[in-house]
Structures are given as C-alpha cells and as structure tokens.
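[1] Test case, fold it:
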Amino acid sequence: MNRKLVINKNFFYLWTGRIISQIGDKFYAIALAWWILVKTNSPGMMGLYMAVSMLPGIVIGLLAGPFIDRWNKKTILITSDLIRGAIVFGISLLSAFHILQIRHVVTAAIVISLSSSFFDPSIQAMLPEIVEDEKLPRANALNQMVGGFCSVIGPILGAAAVGFLGFTWVFLANGISYLVSAFFEGLIVFTPSTYKKSEKNYLGEIKSGLQFIFKQRKILVIIITIGIAHFFMGSLMVLFPFLAKELSGTGVQNLGYLEMAVGLGLLIGALFLSFKNKSNLKANYLFIFMMIAGVTFLLIGGFEYLKIQLVIPYLFIVFIFGVTIVNASIFWQSLLQTNTPKHISGRVFSVSTLIGNASLPISFGVFGFALSKISFSSLMLMSGIGLVFVSTILLFSYKNSYLKIQIKK
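    Have a look, this model is predicted:
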C-alpha cells in the first residue's frame with residue numbers, strides 16, 4: 001500500500017474507521033431527511049431536526065475541552081462511536097417494528113450531537129500524538145479527502161440504498177459503521193501525552209484554556225478565521241437552492257450538480273495536497289485561500305447580475321470554492337496542531353470546533369434574512385467583497401508573526 005496514503009498504522013486505522021463511519025452518516029442523513037419528509041411533510045419539523053442536530057453540541061462544546069485533555073483520547077473516540085452506534089441501532093429497531101416517531105429521532109439527534117462534541121475535537125487533538133509534525137498536513141489532507149469523497153458518493157448511494165433497501169436497513173448500516181469505526185480505533189497503539197495536573201477546578205481549566213487562546217494572537221487569529229470560513233460556507237448552503245432555481249434546467253437537478261461540484265472540489269483539493277511535498281507551508285497561504293474563496297463569491301454574484309443561466313460556469317466556480325475551502329481547512333488544522341501544546345490541545349480544539357459549528361446556524365439566519373431584503377446577486381457580491389476584505393486584514397495582521405509548518409524532506 002502507498003506509504004503516502006498510510007503514513008503509519010495508527011493513522012491508517014483511524015482513517016479507515018472515519019471513511020466507513022462518514023459514509024454511514026451520509027446514508028443516515030439522506031434516509032432520515034426523507035423519512036421526516038414522508039412522516040410529517042413539514043419544513044418546520046425539518047428545521048427543528050436540523051437545529052437539535054447542532055445546538056446540543058454547540059452548548060456542550062466548551063465543556064468538552066478539559067475532559068478531552070484529562071482522558072485518553074482513544075477511549076473517548078471509541079466510547080463516542082459506541083454510544084452513537086447504540087443510538088442508531090435503537091432507531092433501526094424502532095423502524096423495524098414501525099413505531100418510530102419524531103420524538104425518537106429528535107432525542108437520537110441530541111445524543112449524537114453531544115457525543116460528536118467530544119469525538120470531533122478529540123480526533124484533531126489526537127493526530128499530533130500518532131503522526132509526526134512533518135506529516136500532519138498530509139494527514140489532515142487525507143482526513144479532508146474522506147469528507148469530500150463521502151460528499152460526492154454518499155448522497156447518491158444513500159438515496160439508492162433507501163430506494164432498494166428501505167429506511168430500517170439504511171439506519172442499521174449506519175449503526176454498524178460506528179461499531180466498525182470503534183473496532184479500528186481499538187487497534188491504535190500509542191502513548192498518550194501526559195496530562196499536567198492543575199490545582200484549578202474544571203471551570204478553572206476552561207478559563208485557562210480560553211486565556212491561552214486570547215494570549216496567543218496567532219492561535220486566536222486562526223480560530224477567528226475558522227469561524228469566518230464556516231460562516232460563508234453556511235451562506236452557500238442557504239443560497240444554493242435559490243441559485244439552482246434561477247439557472248436553466250430543472251432546479252432540483254441543478255442543486256444536486258452544485259453540491260456535487262463542491263464535493264468534487266473538496267475531494268480533488270484534499271487529494272492534491274495529500275501528495276504535495278513542500279518544505280515550507282506558510283500560514284499566509286491560509287488567508288490567500290480565503291481570498292480566493294471570496295473571489296468565487298464575486299464571480300457567482302457577477303454572473304447572476306449578468307443573467308448568465310448556464311449551469312456549467314457555476315459548477316466550475318463552486319468547484320474552485322470547494323478546492324480553496326478544503327485547503328484552508330487543512331492549513332488551519334495543521335497550524336493549530338503544530339503550535340498548540342499537547343496538554344491543552346483538547347481545550348483549543350473544542351473551542352475551534354465550537355466556533356465553526358456555531359457559525360453555521362448564525363449564517364443560516366443572517367443570509368436567510370438578508371435574501372428576503374436584497375437580491376441574490378447583490379448579496380453574493382457583498383459577501384465576496386466582505387470575505388476578501390476580512391481575509392486581507394487577517395493576512396496583514398499576521399505579517400509580523402506568521403506561523404510556519406516545517407516539512408522535512
């Protein structure tokens with residue numbers, strides 16, 4: 001097997017488990033969205049489900065940090081997967097007996113969100129403990145490649161699976177995927193970083209984590225950048241259906257094409273960087289990628305203003321957006337991992353995850369409201385200008401103290 005892909009056995013086990021569980025998640029998301037639609041035919045109920053899928057993790061996210069720093073991250077990953085697997089198994093069982101109700105899927109969404117609020121930061125905090133610093137960018141690229149790959153094939157295969165197998169078997173498949181992921185995580189062998197005991201209580205450790213972030217200007221700027229990136233990524237999730245409707249052809253098909261183009265951008269961008277061998281990756285690139293993302297917003301707004309209705313130009317633009325966003329994500333993860341002391345990494349990554357997750361519902365609300373007041377093209381042009389401007393400010397604020405990831409040849 002290609003050494004560039006494997007990196008080492010521990011990473012391979014972690015990476016393989018993530019591929020399986022994320023494909024299962026895509027299947028589950030498609031199946032559950034369709035189940036809610038069939039069961040209720042209510043957009044409001046769909047919105048409620050989306051909210052409860054995110055809000056619990058946002059609320060508990062800050063509290064997860066000290067726990068992640070105190071405990072073995074491998075144990076946290078396995079426990080989180082086992083909990084999520086058990087919950088989804090319960091959903092599949094209720095579905096099999098035809099007694100599944102909205103209250104059940106909402107409760108399951110809350111528990112899954114809470115478990116994920118421990119799982120996601122633990123993954124990022126654990127990588128520097130199983131992967132050498134010089135290989136972290138490649139490891140993060142491979143992880144992002146999983147997301148892009150699943151975004152491309154997940155919806156297609158998930159929809160097909162629902163059609164051929166039905167809801168119960170698709171739910172069951174996701175439950176099994178969590179167990180398989182936990183199995184591979186159990187194969188990881190490493191020596192966890194030593195937790196530095198503190199006289200402070202639990203809340204005091206949360207405070208010390210926040211103080212570390214605010215004192216380290218470069219760490220703070222990266223976390224702010226994460227929030228901004230997620231905010232504008234969320235805007236496209238809101239605006240895509242409106243763009244798809246305006247283009248020539250069938251609106252639903254256009255929406256599928258646009259989302260697939262973004263997924264391909266995520267996949268190709270991550271794949272390219274996973275095999276890129278640079279001796280010096282500067283933090284400046286992070287902000288340059290953000291500027292390019294802003295330019296894609298300007299292009300979409302400009303094309304819409306000119307009443308260009310062909311789908312192909314927009315597909316190319318959103319593909320570039322996917323490439324830039326995934327590269328920005330790889331850079332900020334690698335920069336945080338290589339510049340955060342391991343004993344406090346759980347708190348730092350819980351905050352970065354919290355900021356990213358909280359930015360999405362804010363984005364949904366802001367852009368949904370804005371679109372009711374101004375035209376689509378004007379909103380995209382304003383967003384593009386804003387993103388380019390903010391990225392430029394962050395870049396220049398970083399000029400005197402930029403971070404670098406040194407990659408050994």
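
[2] Please count neighbours and contacts with C-alpha atoms only from this point.
    OK.

[3] buried stuff in the helix or strand where Ala244 lies?
    Element membership of Ala244 [criterion: DSSP states H and E] is helix 217-246. Neighbour counts using 16 or more other Cα atoms under 10 Å place 218-223, 225-236, 238-241, 243-246 of helix 217-246 among the buried residues.

[4] distance between the helix or strand following it and the chain's centre?
    Reading on from helix 217-246 to the C-terminus, the next helix or strand found by DSSP H and E is helix 251-274. With Cα atoms, centre = their mean, to the nearest Å as the basis, the distance from the averaged C-alpha position of helix 251-274 to the chain average is 14 Å.

[5] ditto for stretch 59-70
    Here the centre of stretch 59-70 is set off from its chain's centre by 18 Å, with Cα atoms, centre = their mean.

[6] Could you do stretch 317-331 as well?
    For stretch 317-331, the gap between its own C-alpha mean and the chain's C-alpha mean amounts to 12 Å (Cα atoms, centre = their mean).

[7] Show residues contacting it.
    Outside stretch 317-331, the residues within contact range by Cα atoms under 8 Å, 6 or more residues apart in numbering are 137, 140-141, 144, 226, 229, 258, 261-270, 273, 283, 285-287, 289-290, 292-293, 296, 299-300.

[8] Give me the buried entries from these.
    137, 140-141, 144, 226, 229, 258, 261-270, 273, 283, 286-287, 289-290, 292-293, 296, 299-300.

[9] Wait, Ala173 touches Gly24, no?
    Yes - in terms of Cα atoms under 8 Å, Ala173 counts as a neighbour of Gly24; the distance is 6.5 Å.

[10] Where does the residue lying closest to Ala182 once chain neighbours are set aside sit, in terms of helix or strand?
    Taking Cα to Cα, 6 or more residues apart in numbering, and ignoring the residues beside it in sequence, Ala182 has Ile78 as its nearest neighbour in space, at 4.8 Å. Per DSSP H and E, Ile78 falls inside helix 73-96.

[11] Counting by contacts, list what the following helix or strand past that helix packs against.
    Proceeding N to C from helix 73-96, the next assigned helix or strand is helix 102-130, under DSSP H and E. Secondary structure elements in contact with helix 102-130, counted by 3 or more Cα pairs under 8 Å, 6 or more residues apart in numbering; DSSP states H and E, are helix 9-40, helix 43-70, helix 73-96, helix 311-339, helix 345-371.

[12] list the buried ones in the shortest one?
    Within helix 73-96, the residues that count as buried by 16+ other Cα under 10 Å are 73-74, 76-93, 95.

[13] Same check on the second one?
    Of the residues in helix 43-70, those buried by neighbour count under the rule 16+ other Cα under 10 Å are 45-46, 49, 52-58, 60-70.

[14] Please report how far Phe303 lies from Met233.
    Look at Phe303 and Met233: by Cα to Cα, to the nearest Å, they are 19 Å apart.

[15] which residues does the residue nearest to Ser115 when sequence neighbours are not counted contact?
    When the adjacent residues along the chain are set aside, Ser115 lies closest to Ser80, with 5.2 Å between them (Cα to Cα, 6+ apart). Counting by Cα under 8 Å, 6+ apart, Ser80 touches 115-116, 118-119.

[16] Also Ala86?
    Gly175.

[17] Can you list the helices and strands that the helix holding Ala244 packs against?
    If you count contacts as 3+ Cα pairs under 8 Å, 6+ apart, helix 217-246 packs onto helix 202-215, helix 251-274, helix 311-339, helix 345-371, helix 376-397.

[18] These into JSON lines, with extra columns for mean pLDDT and distance to Ile102?
    Rendered in JSON lines, the data for the helices and strands packed on helix 217-246 read as follows (pLDDT from 0 to 100; distance: least, Cα to Cα, whole Å):
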{"stretch": "helix 202-215", "mean pLDDT": "83", "distance to Ile102": "35"}
{"stretch": "helix 251-274", "mean pLDDT": "79", "distance to Ile102": "26"}
{"stretch": "helix 311-339", "mean pLDDT": "88", "distance to Ile102": "34"}
{"stretch": "helix 345-371", "mean pLDDT": "83", "distance to Ile102": "21"}
{"stretch": "helix 376-397", "mean pLDDT": "86", "distance to Ile102": "34"}
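
[19] May I see those helices organised as JSON lines, with distance to Leu179 added?
    Compiled in JSON lines, the helices and strands packed on helix 217-246 are given as follows (distance: least, Cα to Cα, whole Å):
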{"stretch": "helix 202-215", "distance to Leu179": "31"}
{"stretch": "helix 251-274", "distance to Leu179": "25"}
{"stretch": "helix 311-339", "distance to Leu179": "26"}
{"stretch": "helix 345-371", "distance to Leu179": "24"}
{"stretch": "helix 376-397", "distance to Leu179": "40"}
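
[20] For Ile110, give me the pLDDT.
    Here the pLDDT value assigned to Ile110 is 91.

[21] Poorly predicted segments of the stretch 101-250 of the chain, please.
    155, 193-200 (pLDDT under 70).

[22] Let me see the domain layout of the chain.
    Per automatic domain parsing, the domain ranges recorded for the chain read 1-188, 201-401.

[23] Now find how far off-centre the longest one is within its chain.
    Read it as domain 201-401. Here domain 201-401 is found 11 Å from its chain centre; the criterion is Cα atoms, centre = their mean.

[24] One more: the shortest one?
    Domain 1-188 has its C-alpha centroid displaced from the chain centroid by 11 Å (Cα atoms, centre = their mean).

[25] Now do the same contact list for Gly227.
    By Cα under 8 Å, 6+ apart, Gly227 lies in contact with 352, 355-356, 358-359.

[26] Can you get me a residue count around the spatially closest residue to it that is not a sequence neighbour?
    Of all residues not flanking Gly227 in the chain, Gly356 sits nearest, at 4.9 Å (Cα to Cα, 6+ apart). Close neighbours of Gly356, defined as other Cα atoms under 10 Å, add up to 21.

[27] cool, Ile312 as well?
    Summarising burial for Ile312: neighbours were counted as other Cα under 10 Å, giving 12.

[28] Against Leu298, how distant is it?
    17 Å.

[29] The residue nearest to Ile19 when sequence neighbours are not counted is in what secondary structure piece?
    Sequence neighbours aside, Val146 is the residue nearest to Ile19 in space, at 5.8 Å (criterion: Cα to Cα, 6+ apart). Assigned by DSSP H and E, Val146 falls within helix 136-165.
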